[in-house]
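Asks: Dropping the sequence and predicted coords here.
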Amino acid sequence: MNTSFSVAIKYGLFISGALIAYFLILRVFGLHENPWLRVLNGLAMAAGIYYAIKNFKEGAVDAFTYVDGFKTGLLTGFMATIIFTGFMAVYMFHLDPEFTKMLLGKWLDNYGEGAGILVFIILIEGLASTVVLTLTFMQIFKKSHNISQNT
């Protein structure tokens with residue numbers, strides 16, 4: 001039987017790997033500076049969380065509860081977000097500091113913040129999307145207590 005944590009580790013690593021691979025592919029083609037292509041990160045996150053909850057539910061069968069599914073989704077997304085944020089921090093601070101300057105533009109000169117604000121934005125964006133996606137998918141996977149209407 002899969003535990004919530006083991007499923008979260010497996011799918012969290014899958015999601016973070018997909019996000020890192022997608023970013024590096026964009027980098028190879030010089031498209032990594034287009035912020036609109038980050039929208040597709042949501043597809044990887046959504047697919048990973050969906051399949052994590054689905055996998056956990058299939059393993060739990062009758063023991064599946066809303067709280068267990070919700071916990072699985074949150075753990076999966078939080079783990080993927082933390083790993084991806086760590087990768088982006090290393091990338092922005094050490095591998096390509098010019099990338100940060102390009103993204104921040106004049107804002108960097110006016111406020112003097114730097115890559116730290118971008119790392120914070122990536123973290124908050126990932127955590128928020130995790131919560132929203134998990135709540136959304138749990139509407140699909142939860143057990144319904146509605147009385148069937150036979151008409």
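Replies: Thanks, I have it.
Asks: what about the protein, any weak spots by pLDDT?
Replies: Applying pLDDT under 70 to the chain picks out residues 1, 105-115, 145-151.
Asks: could you redo the last one with a cut-off of 80?
Replies: 1-2, 32-38, 60-62, 97-117, 142-151 (pLDDT under 80).
Asks: which strands and helices sit next to the strand or helix carrying residue 52?
Replies: Applying DSSP states H and E as the criterion places residue 52 in helix 41-60. Under the contact definition 3 or more CB pairs under 8 Å, 6 or more residues apart in numbering; DSSP states H and E, helix 41-60 sits against helix 4-28, helix 66-90, helix 115-141. All C-beta spots, glycine's among them, are computed from the backbone N, C-alpha and C.
Asks: tilt between the last one and helix 66-90?
Replies: Same thing as helix 115-141. Put simply, helix 115-141 runs at 160 degrees to helix 66-90, going by axes from the mean of the first three to the mean of the last three CA atoms, to 10 degrees.
Asks: for helix 115-141, the distance to its chain's centre please.
Replies: Chain-centre distance of helix 115-141: 6 Å, with CA atoms, centre = their mean, to the nearest Å.
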